[in-house]
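Enquirer: quick one, what's the 3D model for this:
(2 chains)
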Amino acid sequence: MKKLTSLSIAFIVGIGTIIIINSCATTANIAAKTGTQLWGENCIRCHNAPPSSDYSPAQWETIGMHMKLRANLTDDETNKIVAFLKSSN
Amino acid sequence: MKTQKLLFMVPLLIAFSTGYGQDSTQTERNKNLLSSAPGNTKMLLTGSGFFGFYVNKDKDAKFNFNAFRFAPVFLWKISDKLFFESELELDNGEFALEFTKLSFVLNKYMTLGAGQMLTPFGAYGERFEPPLTEKFPNTPIRPKSPYLPGSNHLVWGAVMGMDVRGGIPLGSAKMNYSLFLDNGPSLDKSNGMVDYENFDDNNTNKEIGGRIGLLPFSNSSLEIGFSGRYGIAGDQGDLVYGKIGATAYAVDLSYVKSIEAIKSTINIRGQFNTLTVDKANYYLTDSTTYTFDNTMQNYYMQFSIRPTMAHSKCLKKTELMFRYNAITAPQDAVWAAKDNNGKGGTITRIDIGLVYWLNWRTGLRFAYEITSNPNGKQTKEILARFVMGF
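Expert: Okay, here's the model as predicted:
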């Protein structure tokens, strides 16, 4: 019980710190973001962001669908990120 | 006159819209034909491989090249609605199918999947366990040798079943969800542990579960997930254990942020799991029975920092990491790690790690792990792994 309490306190303190750090960022509507922004923000949540030159446009479409399902990206985010990677390939 | 104009406009509008419709349909057909033409197949072979060793003065082989894996992942976008993915694993001489799943996009917010799939319970199993995303050369502590018996009790892994999932925009925030129905766990009647990798079901009951992820900030830097699952674990028709169920919950968190002031990107990850198996009597070696409160908990919290905005190229490629892990087995279970008074306690492990990234998917990973047992015994190990993505 004591450990759970400590864990809960650590969790709340952690979240509080994150909110304070994030309060410096400008809030924006996600739908208004470009593919470049979304690529930079979403890929690094799990792994290093890949350069567009690593795959062909057809391969990016496949990877986009894989990431949409694995990371539960929204449809709009996926389409914009894939379009950005294909166009800058 | 007005009526005449209207009567003239209506057929024109119909003709225009029909023509547009036909044109759109034709464009769609052309697009489909083109995408199925040779050379345009959207199939991709990707995956990872690694090789590693450990140094541990308490083991028989104090220095051992013991870890290797080749894990090709096949991805196939059959159409805009149909997707197939599968991973094979050749790991330390064993060959296994990690997952095989077919998904069908129902609409923008919902995709239906079926097959042998990574469990959408917590974030670790689906997202952070693959060698490309797990920055450490080891995984968070779990009920597995050398810590505890069992192998698929309270862990990530694959299940057989189906799920629906999707991402939903909420203005400057977003959420995602995964709901699954699978074979569920099977009970080991010798010790009360369950095996979630129950690919050939032991009963008719199906497990239900899911995860909801919330991303409150528009930069998607923070995600908090809540998961739950419940299913009957006992064998069908078993009068003693047939109704024994297993309930699990998890809370996970991930946070990634590039901070200009320290020229670095910080990454925080964590997950807390708790699993309760209904109370039952189990046999001891002398054929007497005993029972215990069968609840197990484990968690990890990880922090890493990488100076991505530093001037030095070498520094940019270096990432420092720290992870705290803990697992608490049921206090009265005979197989729990015991303290000096014979009571089950918590095993903790501290991992201090370093990655040197050669490119975005290939890196040299090192860790120094210190494991503390409830009886006060401590073990230390150095781990190294060279992971290459392809």
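
Enquirer: tell me the spacing between B:Ser172 and A:Thr36.
Expert: To A:Thr36, B:Ser172 is 18 Å away according to C-beta to C-beta, to the nearest Å. All C-beta atoms are positioned from the backbone trio N, CA, C, and that covers glycine.

Enquirer: try B:Ala250
Expert: From B:Ala250 to A:Thr36 the distance is 33 Å (C-beta to C-beta).

Enquirer: okay, these two: which has more neighbours?
Expert: Neighbour count, other C-beta atoms under 10 Å in any protein chain shown: between B:Ala250 and A:Thr36, B:Ala250 has more, with 25 against 14.

Enquirer: residues in contact with the more buried one?
Expert: B:Phe121, B:Gly122, B:Arg211, B:Gly225, B:Phe226, B:Ser227, B:Gly228, B:Gln271, B:Phe272, B:Asn273, B:Thr274 (C-beta atoms under 8 Å, 6 or more residues apart in numbering or on different chains).

Enquirer: may I see the ChimeraX selection of the buried members of those?
Expert: ChimeraX command restricting the contacts of B:Ala250 to the buried ones, with burial defined by 16 or more other C-beta atoms under 10 Å in any protein chain shown:
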select /B:121,122,211,225,227,271,272,273,274
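
Enquirer: so which of the contacts of B:Ala250 are in helices?
Expert: Applying DSSP state H to the contacts of B:Ala250, no entry is found in helices.

Enquirer: closest one to B:Ile382 out of the contacts of B:Ala250, please.
Expert: Proximity of the contacts of B:Ala250 to B:Ile382, judged by C-beta to C-beta, is greatest for B:Gln271, which lies at 25.0 Å.

Enquirer: how much space separates that closest one from B:Gly225?
Expert: Distance from B:Gln271 to B:Gly225, by C-beta to C-beta: 8 Å.

Enquirer: in whichever strand or helix holds B:Val387, what's buried?
Expert: Assigned by DSSP states H and E, B:Val387 belongs to strand B:378-389. For strand B:378-389, a neighbour-count test (16+ other C-beta under 10 Å) marks B:Glu381, B:Leu383, B:Ala384, B:Arg385, B:Phe386, B:Val387, B:Met388, B:Gly389 as buried.

Enquirer: export these as TSV, with columns for distance to chain A.
Expert: Below are the buried residues of strand B:378-389 laid out as TSV (distance: C-beta to the nearest C-beta, whole Å):
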residue	distance to chain A
B:Glu381	24
B:Leu383	20
B:Ala384	20
B:Arg385	16
B:Phe386	16
B:Val387	11
B:Met388	13
B:Gly389	9
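
Enquirer: related to what we said a few turns ago, contacts with chain A among the contacts of B:Ala250, please.
Expert: Contacts with chain A are made by B:Phe272 out of those, judged by C-beta under 8 Å from any C-beta of the partner chain.

Enquirer: how about the contacts made by the residue of chain A found nearest chain B?
Expert: Closest approach between chain A and chain B, counting by C-beta to the nearest C-beta: A:Asn72, at 3.3 Å. By C-beta under 8 Å, 6+ apart, the contact list for A:Asn72 reads B:Arg165, B:Gly166, B:Gly167, B:Asn176, B:Tyr177, B:Ser178, B:Gly213.

Enquirer: name the SS class of it, please.
Expert: coil (DSSP: H, G, I helix; E, B strand; the rest coil).

Enquirer: partner residues bridging the residue lying closest to it once chain neighbours are set aside?
Expert: With C-beta to C-beta, 6 or more residues apart in numbering or on different chains as the criterion, A:Asn72 has its nearest non-adjacent residue at 3.3 Å, and that residue is B:Asn176. Assessed by DSSP bridges, B:Asn176 has beta-bridge partners B:Gly167, B:Gly213.

Enquirer: wait, B:Asn176 touches B:Leu170, no?
Expert: No: the criterion here is C-beta atoms under 8 Å, and B:Asn176 misses it with B:Leu170 at 10.5 Å.

Enquirer: which one's more surrounded, these two?
Expert: B:Asn176 (21 against 12).

Enquirer: start and end of stretch B:322-337, how far apart?
Expert: 24 Å (C-alpha to C-alpha, to the nearest Å).
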